[in-house]
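>>> One predicted model, sequence on top.
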Amino acid sequence: MTPDIVMVVGDETNAESNWQHLLALAPRARRMDAARSIRAAFVEAAKTATTSHFFLVDADNWIQEGFGFNVDVEPRSDEIVVWCALNPVNGLIYPHGGIKLLPTERVLRASLGDAIDTTTSIAAGLRVVPVMASEHRFNTSPLEAWRTAFRECAKFASRSIRGLREDAISEVVNAWCSKGADAPFGSWCMLGARDGRSFGEAWARHPDNIRKVNDYEWLRLAFDQHYGHRI
């Protein structure tokens, strides 16, 4: 199986360097710019796919040299496959920000209007490959570090991602909130994690508010309102 490879690009500071690195490893990869939202990026990427499944790579993802975009097992039409990624701030290695193999038709037909976590809402099945295939280099500016941490911890703290154990939730959120102060923009990451945890806990029973984590304009305005004077 040789699925298509699509990198989706928004406002990531390191998008060009990550794209050139991806091209060196996988010359057949395609780039899709100006992704308006996570949900729109998934759908627009699926529209360009010519294979039953396609790899989706976020623009802040640095692919490991040994990852060859090969799939040994044919995934089901209702299954998403996700590889693990290294968090360069706190050292966590889990699917957040990782490379995804998405079922093309399922993405095109998915009803994601109420989805909080897009990846786990597209298909019935989710297979996590316990291999670190990339580094999620999101910590390239105060906004990007804060935004990424806020989104992840708000989703975890509000229990919006299906199938997570309570001990896993605590372990992940605690690491985001307490580790990595010495990493580039690590203090912004920890601040975003703590803000996201508070937001998720406060609005756990109000999914309409939690869905705001997918609105990048809302996130930017929230960041500017609270921290713009510190940049």
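That came through, no problem.
>>> Low-confidence bits of this structure, can you list those?
Applying pLDDT under 70 to the chain flags the ranges 1, 35-36, 111-115.
>>> how does it divide into domains?
As given by automatic domain parsing, the domain ranges for the chain are 4-136, 142-230.
>>> Report the contact partners of the residue nearest the centre of the chain.
For the chain, the residue nearest the mean C-alpha position is G97 (3.6 Å; CA atoms, centre = their mean). Residues in contact with G97 (CB atoms under 8 Å, 6 or more residues apart in numbering) are D58, D60, N61, A85, N87, S134, H136, F138, T148. Every residue, glycine included, has its C-beta placed from N, CA and C.
>>> same deal with T148?
Counting by CB under 8 Å, 6+ apart, T148 has contacts D60, G97, F138, N139, C189, G192.
>>> pretty sure T104 is touching A46, no?
Yes: using CB atoms under 8 Å, T104 is in contact with A46, at 5.1 Å.
>>> hmm, back to that, most neighbours, which of the contacts of T148?
Counting neighbours by other CB atoms under 10 Å, the top entry in the contacts of T148 is C189, with 31 neighbours.
>>> Show me the strands in the protein, by range?
Counting by DSSP state E, the chain has strands at residues 4-8, 30-32, 53-58, 61-63, 79-86, 93-94, 100-103, 125-136.
>>> now the angle from the longest one to strand 53-58?
Interaxial angle of strand 125-136 relative to strand 53-58 (axes from the mean of the first three to the mean of the last three CA atoms, to 10 degrees): 40 degrees.
>>> Which positions in strand 125-136 come out as buried?
Neighbour-count burial for strand 125-136 flags L126, V129, M132, A133, S134, E135, H136 (criterion: 16 or more other CB atoms under 10 Å).
>>> Farthest-apart pair in those, please.
L126 and E135 (21.7 Å; CB to CB).
>>> burial measure for A34, as a count.
Neighbourhood size, A34 [other CB under 10 Å]: 11.
>>> Check P184 too.
P184 has 15 neighbouring residues, counting by other CB under 10 Å.
>>> just the one 3 residues further on next, same as before
S187 has 16 neighbouring residues, counting by other CB under 10 Å.
>>> Would you map the helices across this structure?
15-25, 38-48, 104-109, 118-122, 142-157, 166-178, 186-202, 207-210, 216-227 (DSSP state H).
>>> name the helices or strands packed onto the longest one?
The elements that helix 186-202 packs onto, with contact taken as 3 or more CB pairs under 8 Å, 6 or more residues apart in numbering; DSSP states H and E, are helix 142-157, helix 166-178, helix 207-210.
>>> Show me which of the buried residues of strand 125-136 is closest to D167.
Closest approach between those and D167, by CB to CB: L126, at 18.8 Å.
>>> Now do the contacts for the nearest residue in space to the closest one that is not next to it in sequence.
Among residues not flanking L126 along the chain, I80 sits closest, at 5.3 Å (CB to CB, 6 or more residues apart in numbering). Applying CB under 8 Å, 6+ apart, we find I80 in contact with K100, L101, L102, P103, T119, T120, I122, A123, G125, L126, R127.
>>> Quick check: the first one vs V81, distance?
If I follow you right, that is K100. Distance from K100 to V81, counting by CB to CB, to the nearest Å: 7 Å.
>>> Can you pick out the residue with more neighbours from these two?
Set side by side, K100 and V81 show more neighbours around V81, with 24 against 21, by other CB under 10 Å.
>>> Against E105, how distant is the more buried one?
Computed with CB to CB, the distance linking V81 and E105 is 15 Å.
>>> Over to Q20?
Shown here: Q20 relative to E105, a distance of 31 Å by CB to CB.
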